[in-house]
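A.B. asks: got a predicted model here, sequence first, then my questions.
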Amino acid sequence: MNDCSTIATGSQEGTGVSKDTAGVVMLSAAGRRVGLLRCLQQSLENLGHADLQVLATDITRQSASMHVAVRYAIVPAYSDPDCLKHLLKLCEQNRVRLIIPTIDPDLPFYAKHHQAFRDVGTQIMVSSPDTIDICNNKNKTHAWLVKHGFPVPKQISASALTENSSQWVYPLFAKPAGGSSSVGIQTVHSLAELKLLAGDQDYIVQEIARGLEYTVDVYVDKVGRCRCAVPRLRLETRGGEVVKGMTVRNPLIEETACRIAETLPGAWGVMNIQMFYDQASQHLAVIEINARFGGGYPLTHAAGAPMTRWVLEELTGRELTARNDQWIDGLVMLRYDDAVYVSREEADVDLVKLAKAKQGTK
């Protein structure tokens, strides 16, 4: 855990984050999102924004994106009581024009404090607190989708299922109600297996949806209109993140994703909506809504839907060029592993601290 009494800053050239910066776009919890970082840098270059740079932030130096970005900053965790004060100071001193959150746990924090950041001149690509609340809890997502008439798989809480399982047929799909990045998801084949998995956690259970799984990247402008929807077929995933995918034009999927985005209260920016589609029956089942960039977004960008550019256009008051008729159908993404190499000082790796942590000592 970093020392939250200061915000450490620096850059690959060692120049640091400076008050002289004309302006920066901050990628929050940058982690492994090197692909997204590069899309953002490309969009800045294409728009001619030499006055804007990308600032990558994280709570640890062991972040690949941080060492790829020209500028970076170590920041406190959101659970730290002084986090808001530190981030507002960082934004004010470095003229942060826009913050792009990348992970679900960030979103409630930024939605709650949206006005405080606006007061120091920083916008955040974040939807309303109501939409974040809907998207960040799987039970609330399901209930909202049902209320508004969108197709969903049959769902029940794990605790309710253990009390009455007569109408359910295994195998079933189980996941934490407030989970993210596919952590904790599992296919269960019996009631005993479900009880062992869930324990004291808040799990939900769904019937296994028919068809193939798609993630749909959508762009919602500042007045709530869905300007583009790009379905990505998930050909292969690893650790919950797509490693092989393909863009697929499908009017039913696109129209459903746009209706969801436009019905959400106060959605803005890039979101991704996950659903299953069975081609034989044309049956849809929506399973998740994520109010942020998806891990596979670089495929959408490469296909001709540069959503990072559109966010920047709205930020800088340019004409929004978002369109749904220019992206490539059938573009396949085959991701591979790459690495960033830095010294142990740059990555803040301390062998003594690691040994103590391993032994469970302070």
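C.D. replies: On my side now, so go ahead.
A.B. asks: for the rest of this, base every contact and every neighbour count on C-alpha atoms.
C.D. replies: Noted.
A.B. asks: measure Val349 to Ser63 for me?
C.D. replies: 12 Å (Cα to Cα, to the nearest Å).
A.B. asks: who's more crowded, the two?
C.D. replies: More neighbours surround Ser63 than the other of Val349 and Ser63, with 20 against 14 (other Cα atoms under 10 Å).
A.B. asks: mind listing the helices for the stretch 201-350 of the chain?
C.D. replies: Taking DSSP state H, counting those that start in this stretch to define them, one finds helices in the stretch 201-350 of the chain at 251-263, 297-302, 307-316, 344-347.
A.B. asks: return the shortest one as PDB; C-alpha atoms alone will do.
C.D. replies: Taking only C-alpha atoms (Å, rounded to 0.1, in the frame of the first residue of the first chain), the coordinates of helix 344-347 have been written out as PDB:
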ATOM      1  CA  ARG A 344      12.900  -3.000  -9.500                       C
ATOM      2  CA  GLU A 345      13.200   0.600  -8.300                       C
ATOM      3  CA  GLU A 346      10.800   1.800 -11.000                       C
ATOM      4  CA  ALA A 347       8.400  -1.000 -10.100                       C
END
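A.B. asks: give me the contacts around it.
C.D. replies: The contact list for helix 344-347, computed with Cα atoms under 8 Å, 6 or more residues apart in numbering, reads 60-63, 350.
A.B. asks: please convert the buried members of these into PyMOL selection syntax.
C.D. replies: In PyMOL, a selection of the buried entries from the contacts of helix 344-347 looks like this (16 or more other Cα atoms under 10 Å):
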select buried, resi 60+61+62+63
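A.B. asks: filter the contacts of helix 344-347 down to the ones in strands?
C.D. replies: Using DSSP state E, no member of the contacts of helix 344-347 falls in strands.
A.B. asks: comparing the helices of the stretch 201-350 of the chain, which comes out most buried?
C.D. replies: helix 297-302 (a mean of 22; mean count of other Cα atoms under 10 Å).
A.B. asks: and that one, what's its mean pLDDT?
C.D. replies: Taken as a whole, helix 297-302 has a mean pLDDT of 98.
A.B. asks: same check on stretch 122-131?
C.D. replies: 97.
A.B. asks: before we move on, back to that, the helices of the stretch 201-350 of the chain: lowest mean pLDDT?
C.D. replies: With a mean of 93, helix 344-347 has the lowest mean pLDDT of the helices of the stretch 201-350 of the chain.
A.B. asks: so which elements touch the helix or strand following that one?
C.D. replies: Going down the chain from helix 344-347, the next helix or strand is helix 351-359, by DSSP states H and E. Taking 3 or more Cα pairs under 8 Å, 6 or more residues apart in numbering; DSSP states H and E as contact, there are no helices or strands that helix 351-359 lies on.
A.B. asks: CA atoms only: put helix 351-359 into CSV for me.
C.D. replies: Extracted in CSV, the C-alpha atoms of helix 351-359 (Å, rounded to 0.1, in the frame of the first residue of the first chain):
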residue,chain,number,x,y,z
LEU,A,351,12.3,-8.2,-1.4
VAL,A,352,12.2,-7.7,2.3
LYS,A,353,8.6,-6.5,2.3
LEU,A,354,7.6,-9.4,0.0
ALA,A,355,9.2,-11.9,2.3
LYS,A,356,7.4,-10.4,5.3
ALA,A,357,4.1,-10.4,3.5
LYS,A,358,4.7,-14.1,2.5
GLN,A,359,5.2,-14.9,6.2
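A.B. asks: before we move on, the earlier item: looking at the contacts of helix 344-347, which one is closest to Leu212?
C.D. replies: Ser63 (32.8 Å; Cα to Cα).
A.B. asks: any idea how far the closest one is from Ala339?
C.D. replies: Ser63 is 11 Å from Ala339, by Cα to Cα.
A.B. asks: what do you get for Val248?
C.D. replies: Val248 is 30 Å from Ala339, by Cα to Cα.
A.B. asks: now Ser190. Nearest residue, chain neighbours left out?
C.D. replies: Tyr170 (6.3 Å; Cα to Cα, 6 or more residues apart in numbering).
A.B. asks: show me the contacts for that neighbour.
C.D. replies: 188-190.
A.B. asks: for it, what is the enclosing helix or strand?
C.D. replies: Going by DSSP H and E, Tyr170 is not in any helix or strand.
A.B. asks: show the model's pLDDT score for it.
C.D. replies: For Tyr170, the predicted pLDDT is 84.
A.B. asks: coming back round to it: I'd like the contacts of helix 344-347 as JSON lines, with distance to Lys85 and pLDDT appended.
C.D. replies: Compiled in JSON lines, those are given as follows (distance: Cα to Cα, whole Å; pLDDT from 0 to 100):
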{"residue": "Thr60", "distance to Lys85": "19", "pLDDT": "93"}
{"residue": "Arg61", "distance to Lys85": "21", "pLDDT": "93"}
{"residue": "Gln62", "distance to Lys85": "24", "pLDDT": "94"}
{"residue": "Ser63", "distance to Lys85": "23", "pLDDT": "95"}
{"residue": "Asp350", "distance to Lys85": "28", "pLDDT": "91"}
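A.B. asks: in a markdown table: the contacts of helix 344-347, plus distance to Lys244.
C.D. replies: Output for the contacts of helix 344-347, formatted as a markdown table (distance: Cα to Cα, whole Å):
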| residue | distance to Lys244 |
| --- | --- |
| Thr60 | 29 |
| Arg61 | 28 |
| Gln62 | 26 |
| Ser63 | 23 |
| Asp350 | 36 |
